[in-house]
Structure formats: structure tokens, C-alpha cells
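In: Show me how the following folds:
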Amino acid sequence: MYKRHALLLINIIIMGGYFPALAIADDYPLSDPEETIQTFASYSHPGWQEVRFIEKNPVPPQTAIEQQRGFLLFSRPITEPIYSNTNPLPKERCDRLSAFATPGEFEPVTIALYPARDLKNISVSASDLKSAAGTIPSSNIDIRLVTYYDIRFPLYRSINTFRRMPELLEKVQNHSSLAHECQRYWVIIKVPESAPVGLYEGQLSITCDGLPKPVNIPVVMKVFSFKLKRDPKKQFTAFNYDILWQMDYDNSRYGRDEKHLRRIAINEYRAMLDYGITMPPTFYIDYDKDRDKYFLKHPETLRLMAQVGLKGSFIFVVMDVAHQKLYKKYTGEHPPKQYNVQGMLPSNFYADITRLTREFEAVRKKNNWPEFIYLPLDEVSPDAAAFGTQVYRAVKSAGVKVWMTTLPNQPSAKLYEEHVNIWCCTQEYLVPYEKAAFDKKHEFWCYPNYQACSIRIPRAQCKGGRMTWGFGFWRSGFTGLIPWIWRWDMQDPFNYLDDRVSDCGFKIARDGSMIPVTYWECIREGIDDGRYIYTLQQAIAEREESPDPECKKLIAEGKMLLRGIWDRIDVQSAYLLEGMWPSEEFNTIRWNLAVCTEKLLKYNQTKNVEAPSVLIE
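Out: Take a look at the predicted model:
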């Protein structure tokens, strides 16, 4: 059933068609081979149909202690959603939390309450986590409530169908809940960079009205001795509409206070770093008709990003706005949808693109900005090749690198090959590993919008997101990921039904802080999965010439572990609702990687070398 739904979703997204109201089974575990399609008229949103999550698990029996305190405690892997009407299974009951991490790593654990009665003023707090050698202070433990919102379902542009879903991770000091409405708390532990190796222990405390004393939940965290490394050949960025640029068009939500806007911008750039982004997000080039030049709006954003450490050797820039204005200058009209231009434009149009790009490059170099890689037209139609190839040729002729968002396996892509340095596959890993890893002329990036926004099924976004950004990325041979979108908040940022598509991604709180979403937490965990892999590969590469027989034995075990993971991955172009190992196994695999790395690092490094992205023969 999962395969059928996944393929159906892909076809509908590609075709851009209307998706009828379906209740798609994404419960955990799947207790029925099929889920009955049920929709309900919505009184809160007239004209909309609610596609409710249908819980198949039985109402859990409660012990005398649970009945007395008013709630049952349970936990699930972060990649498995908990809806407001979820019924936990007996095996999910939880009386302690455990985790492991490395110095400098963010590691999430969750605890959920299933209320037997109405609860008022629920509050969750954390103590310090202490070991014999050090402390993880409670100030490094971020506790957030998973909040529910009515969101277009199952796609971000579904028409008049929605589902109430777990979405944001909000700071909530006190919260009240109706009976049988689950409340999940997301606990994000930031291990200090200097944390010594050891076993750290502490507790969470839950209070609410009518509870005689706090319910304390032990928390145990193993901290390893090593720090995670990054594969220098792999990059993560995102499409993003910078807050300073956005406010040029709409300052109604955040006001005109420039200092406040810059505080928001800096908070956002720091969050990008925290969530694994390795290079600045997309920049947009504009065209000034009066001065006949390309320019960046708010170039100070580059300085602010560098100030917080968000910098890279190159940045993707998008030229759509500039080329739309240049097109209008020549024709008096806005270009048609997806640049499906009929007829020929004067040769001066393309000559101007080359000249303007070359002049803009001179400005970039003068300002010591990172290298720009140019996107001449975004998602140009396959039918627009006559126009598109000339625009791409014109930009490439300025002596710059060019990237393209398209399906590289479609016939029209062949026409662009000589004008493109980086193929950015829309939505999926569309070429096999051998092609992606060993193509001498092109790099391959992925544009994984399914998990970042376009599919609005929590399990596909969370579990699929972790697989896409982690093990699936390692297995793909691709060199980068650039999802649309990091943050999409058009009208009312907390109303997911007020625009033509659902808002997606992070939100900005009224105080200017960032509010995460569940799936970006899972995306970060996927990025860290890849870092655990690369850290082991680096440890092996540095010790391959060791004469020590025990070290050699560990190297062989490490290679066997990597090979086993490689072979277990069910390679897919898009990881959605099937073909992945059980959620519990993500951390089991990660634990094995960490233990093997810890053992290897006890032996001396025998050569100074950079490990390959894939250490598999």
C-alpha cells in the first residue's frame, strides 16, 4: 500500500493536478493493511474537508498510579509522528530517557503524555546532567512542546483538504490539555564542545495542577570522546527568502525597525548553522534598468552571515528576477510561465546578459565575496529549450560556473550539458551512484522538496527526511542538498491555510527567535548520521598503514560495518513511506559507528590523508 501511495504522490506533484481528499495511512505501526478513506466537513474552516488521522491502536489501559496522577508517559523515535489522538502501545511506555552524542552535537529525545483527564498548567523542566568528569548544564537543554496546526494535506498545495498535524516545536512554559489529547515534549540537548567523555545523568520533572509532587524521569546520556567531522566534499544549503529582502515587500509583521530585523536575520543564520547548513543560502540578483546593471539587494547579509560563521567557498545565486526585468525591457511584457517563450529575441538581449554578468563578477571580486555559481532561469520548462539554452550559454560565456534546476534525465537536458557545471535534480536522486560520483564534467545536487515542504505527511517528512539527508545522501554519490524551503511564511505565519500553498519550515517568534519544525529536527539527525559515517571513514583512512594487528583488525571490522550499511540501504530516488529500516534502527546503526570509531581512535594516526566520501570497494 505504501508503494502505491508514494508513486501516486509523485505523479500528482509532477503533473500538478488536483489531489482528491484521501486519508493516507501513516500511523505507527501500521495496524491495518488498508486505511478507510474518511473526510469530515470542517466547521472551523468553511468549505474545507478535514482528513482526520484515524487511530487504529486501542485505548491504552492505565495503571492505578497513572490514573491517580492523570497521565501515561510514553516515547517514540523522533521520526515517528504523534498526533493529538494517538493511542500509545504498551511497549512505548517510558519511565526513563537515554541518548548518546559527541561533544558539540545536538541530540533530541522526546517524552509524551497521554492524559487520562483534563490537565491544567503542565510544565516540564530539566536538571543538569552530571558525570564524574563534567556537567551538561540545564541551560543547554531546550524543552519544547510539539504544537498542532491545521495544514493542507497531503500536499502543500492540496485544495480544500487539511489535517491537524504535529508541526512546530514551541517554547511553552505552562500548557493545558484535554483528556486523551497527547502532548509531546521535544528535549534538545546541546553537548558542550569541551564535554569530557562519560555517562551523564539527570532528570526531567513534570508538574501540573492536582499533582501532589513532580513526576521525575531519569535522563542518561553517553558522551563519546571524539568530535564529529564533516565530509569536505559534501555541502548543505537551502533556498531561502532572506528576512531583509522579504521586508522590502512586506514589513507588516516585523515592522520597520532595522536593528530588530538584523537581530532576526542573525538569529536565522545561527539556526542554519545549528541545523547543519554548511554554506549561505541562495542569493538573488536584481536588475537596475536605469543604471543598466545587476546588483544584490542588501549585500550586508553576506557580512552578517560571515559574522556568525555561516560562510562557504561559494554561494548559489538566482537570476530570475534580473532576467525577468531584462526580458520586459526588451519586449514590454513579463516572460511566460516557466519561460516558455515563443519566437526569437534580439541577439543584443543575450549579449547584454553576458556583459552584465561579467560586470557583476568584477563587483563580486572587488568586494572579496565568495565565488558565485549562477542559476540563469529556475525550473525552465522542457519546451523552452530554444530560449533557455541561449540564456544559459550567455551566462556561461561570462566565464562563470552555472547550475540548473531540472530533471537531468529528460531529453531537453542534453541541450544544456555544455552550459552547466552543477545539475540540481528537482525533488529526487535521479541518477545512479556511478554516474553521480564519477562524472568528470558535472556535479549532482538534489533539490529534496518532498521532505522540506511539498509532501505534508509527517512520517514521510520526518523519517524520509532523516534518510534523505543521511544514509540516502551518502549512498547517492551526490555532493549537495538544497531544499525548497527553509522558511515560507506568507501572510499570517501561523495560519497554514491562508495562502495558495501551506506555509513550511521554520517560523519567527514575536521576540525574533526561531521556532523549529519537527522535520528539520529529523533532517539535522540525518546530517549527523552522515557525519558519524564520515568520522569513522576518516579514522580508518588515517590508520590504514598501522602495523598494529589489533588496529588492523578494527579497520577490517569498520570496513565490514560500512559495507553492511551500504548493502542494507534500499536505494530510492525519493525516500517517502517505504523501503527504510525501522525507525529504532537509525540510532542502533549510529551507535555501532560511534563505538567502532571510539576504539579506532585509541591507536596512533599513521598518515595524514583526507578520507573519500565513500570508503567502500
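In: Show me the domain layout of this structure.
Out: Following automatic domain parsing, one gets these domains for the chain: 2-223, 236-452+465-494, 534-600.
In: Run through the helices of the stretch 451-600 of the chain in chain order.
Out: 458-469, 471-476, 518-543, 549-568, 584-600 (DSSP state H, counting those that start in this stretch).
In: sorry, back to before: and of the domains of the chain, who's closest to Leu615?
Out: domain 534-600 (4.2 Å; CB to CB). For every residue, glycine as well, the C-beta is placed using N, CA and C.
In: chain center to that closest one: distance?
Out: 23 Å (CA atoms, centre = their mean, to the nearest Å).
In: next one: stretch 107-125
Out: Averaging C-alpha positions (CA atoms, centre = their mean) puts stretch 107-125 26 Å from its chain's average.
In: next structured bit after the longest strand along the chain?
Out: What stands out as the longest strand in the chain, according to DSSP state E, is strand 141-152. Downstream of strand 141-152, the first helix or strand assigned by DSSP states H and E is strand 161-170.
In: So which other helices or strands are in contact with that next one?
Out: Applying 3 or more CB pairs under 8 Å, 6 or more residues apart in numbering; DSSP states H and E, one finds that strand 161-170 makes contact with strand 49-50, strand 141-152, strand 514-515, helix 518-543.
In: what mean pLDDT would you report for the longest one?
Out: When you say that, I think you mean helix 518-543. The average pLDDT within helix 518-543 is 98.
In: Could you tell me the angle between it and helix 458-469?
Out: Angle between the axes of helix 518-543 and helix 458-469 is 20 degrees (criterion: axes from the mean of the first three to the mean of the last three CA atoms, to 10 degrees).
In: other SSEs contacting helix 518-543?
Out: strand 106-115, strand 161-170, strand 183-190, helix 458-469, helix 471-476, helix 549-568, helix 584-600.
In: other SSEs contacting the fifth one?
Out: Under the contact criterion of 3+ CB pairs under 8 Å, 6+ apart, helix 471-476 touches helix 433-438, strand 443-447, helix 518-543.
In: circling back: in JSON lines, list the helices and strands packed on strand 161-170 along with mean neighbour count and distance to Tyr433.
Out: Formatted as JSON lines, these follow (neighbours: other CB atoms under 10 Å; distance: least, CB to CB, whole Å):
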{"stretch": "strand 49-50", "mean neighbour count": "20", "distance to Tyr433": "42"}
{"stretch": "strand 141-152", "mean neighbour count": "20", "distance to Tyr433": "34"}
{"stretch": "strand 514-515", "mean neighbour count": "20", "distance to Tyr433": "35"}
{"stretch": "helix 518-543", "mean neighbour count": "24", "distance to Tyr433": "15"}
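In: For Glu300, find the nearest of these.
Out: Glu300 lies closest, by CB to CB, to one member of the helices and strands packed on strand 161-170: strand 514-515, at 19.9 Å.
In: which residues touch that closest one?
Out: Strand 514-515 has contacts (CB atoms under 8 Å, 6 or more residues apart in numbering) with 168-171, 267-268, 271, 506-509.
In: okay, now the closest residue to Asp492 other than its chain neighbours: neighbour count?
Out: Nearest non-adjacent residue to Asp492, counting by CB to CB, 6 or more residues apart in numbering: Asp498, 5.2 Å away. Neighbour count for Asp498, taken as other CB atoms under 10 Å: 12.
In: Perfect, that will be all.
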